[in-house]
Every structure is written in structure tokens, then in C-alpha cells.
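Visitor: sequence? don't have it. structure:
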């Protein structure tokens, strides 16, 4: 009788032990990956990319390595996610983990911020009305050049600029950076104490960091007179003196440029 009791008890314990074994929880898989990185990014600037994977169990997990760029001529990225702007355009910053890819398309733009000095070289001049009798194109002969300055403040893809020819300071102009990295803007110099006014349309780019290229078209008019003087100029020998924009609204007295001399004329 005791033997039967022991056998029954042993059988019961065995059943109980088997009943305690529950199936192992499945290993969570990656459902999606969210990528964060600043955009737009200036050429030469850096930003840190971060990624967070959402798992099938609802938890999140950060990913810190394995970063790639699909356009290294626009932006490069280190394995740990440090992104550097290289050239104007768009690049996809991405990584793959757990069979899923996370990505972010970023825009890289030229860095226009700062104080620029250079020269404008005349490539064409035309004159009508009053300007045919004032020696306009004789004053601004083709291939002659005159100094200019440009102060630019940049916020992402928007810029505000102020053009000046010596003490001739133009009203600020605002514009946005276009897809090719260039900017178009028109600066105006009201007549003020002079009879002249000037509209200067700038079309410029900064393909190489710290350098400006492009053209400027100036249209001069005289209050109360017909006709106009028109200059087409190339931006040459221009470099950035400082990355901080300087307010030239109250310029210091400098030697007169050719344009200041002509501006001071009375007819």
C-alpha cells in the first residue's frame, strides 16, 4: 500500500512539474526606425544623426552605428552618425538594423553668411536718354572694375543682404536659396540727396566655401529725366572677410569708388 502511495505522489509531482513549463516569449523584432538629423545644413557644418527603432513589443531602442549617405558629394556621415555638409544638394542619411531601414533626406546649402569684399567688372554698358549725354558708359568702360561690399545674414535657406559701393549703401534685400544653391535678389538705392536711383539685381552662387561668383545688373535712373544707364558686371576677386554679418547702414568714410563719384554729379 505504501508503494502505491509513493508512486501516485511521484506521478502527481511529475505532472505538476511539466505544467510549470511555459513557452519562451518570442524575441522582439524591429518594426520601424525613426531617424532625426538637422536640415538644411550649411556646407562645412556638422550635425549629429540619431535613430530609434520601434520593436514589435512596443518598446524603443536607440541605434548608434551603421550610418551611411547615398550622396557623399553632398553630405558625408561617419559610422557613429556625424553628418558633414559637403556641397549643395540633397542626400539621404540612412542605416539598416533588424532588417529595417531608417532614413532622412537632408538639404545642404551654401554658406553665404558673413562680410564679403570684392570687385565688380563691367562686361556690358548701355545708355539711353539723359545718360547718353552724361558720359555714363565712358565712366564705366567695359573691363573696368570697382570695389563693392556685401553683408549677408543667413537662416537655413533664407538670406538677407546689404550691398554697398563705398559709402553708397543700398536698402536690404531678402531672398531664398534656389535648388542649384544660387540666390537672386534686387537691392535698391533710393535717390536721396542725389538725382539718381539704382536697382542692382544680384545673381550669385558660392560653389566653393568662402568664395562668391555671379553677375550684377545695375539700372541707373535720374529723377525727372528719361532714359537709363545699364551695367552688366561679373563678380570677381570676392572673398569672405568674416562669417559674421556687419551692419553697413552707417558706413565709415572711405576713398570714393567710381560709382560714388558719378553719383555725386549734378546735371
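Guide: Structure received. Because the structure is predicted, anything quoted here is derived from the model rather than measured.
Visitor: what's the neighbour count on the residue lying closest to residue 116 once chain neighbours are set aside?
Guide: Once flanking residues are discounted, residue 116 sits nearest to residue 150: 4.5 Å by CB to CB, 6 or more residues apart in numbering. C-beta: built from backbone N, CA, C; applies to glycine. Per other CB atoms under 10 Å, the neighbour tally for residue 150 reads 25.
Visitor: per-residue pLDDT, residue 150?
Guide: The model reports residue 150 with a pLDDT of 94.
Visitor: Next up, the contacts around it.
Guide: 115, 116, 161, 162, 163, 164, 202, 212 (CB atoms under 8 Å, 6 or more residues apart in numbering).
Visitor: switch to 7 Å and redo it
Guide: 116, 161, 163 (CB atoms under 7 Å, 6 or more residues apart in numbering).
Visitor: Quick check: phi and psi on residue 132?
Guide: phi -70, psi -20 (degrees, to the nearest 10).
Visitor: Now it. Nearest residue, chain neighbours left out?
Guide: residue 227 (6.8 Å).
Visitor: List the residues that contact that neighbour.
Guide: With CB under 7 Å, 6+ apart, residue 227 has these contacts: 128, 129, 130, 131, 132.
Visitor: Show me which pair in these is furthest apart.
Guide: Across the contacts of residue 227, the longest distance by CB to CB is 8.3 Å; it joins 128 and 130.
Visitor: who touches the host helix or strand of residue 35?
Guide: Per DSSP states H and E: residue 35 is located in strand 30-36. The contact list for strand 30-36, computed with CB under 7 Å, 6+ apart, reads 49-56, 63, 93, 97-104.
Visitor: among these, which are in strands?
Guide: 50-55, 63, 93, 97, 100-104 (DSSP state E).
Visitor: What I need now is the residues you listed written out in TSV, including pLDDT for each item.
Guide: Putting these into TSV (pLDDT from 0 to 100) gives the following:
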residue	pLDDT
50	97
51	97
52	96
53	94
54	95
55	92
63	94
93	98
97	92
100	93
101	96
102	96
103	96
104	97
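Visitor: Any chance of those in a markdown table with distance to residue 238 and neighbour count as columns?
Guide: Putting these into a markdown table (distance: CB to CB, whole Å; neighbours: other CB atoms under 10 Å) gives the following:
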| residue | distance to residue 238 | neighbour count |
| --- | --- | --- |
| 50 | 38 | 15 |
| 51 | 40 | 24 |
| 52 | 44 | 14 |
| 53 | 47 | 21 |
| 54 | 49 | 17 |
| 55 | 53 | 15 |
| 63 | 44 | 20 |
| 93 | 32 | 27 |
| 97 | 46 | 15 |
| 100 | 47 | 14 |
| 101 | 43 | 15 |
| 102 | 41 | 23 |
| 103 | 37 | 17 |
| 104 | 34 | 18 |
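Visitor: For the residues you listed, which two are the farthest from each other?
Guide: Going by CB to CB, the pair spanning the ones in strands among the contacts of strand 30-36 furthest: 55 and 93, at 22.0 Å.
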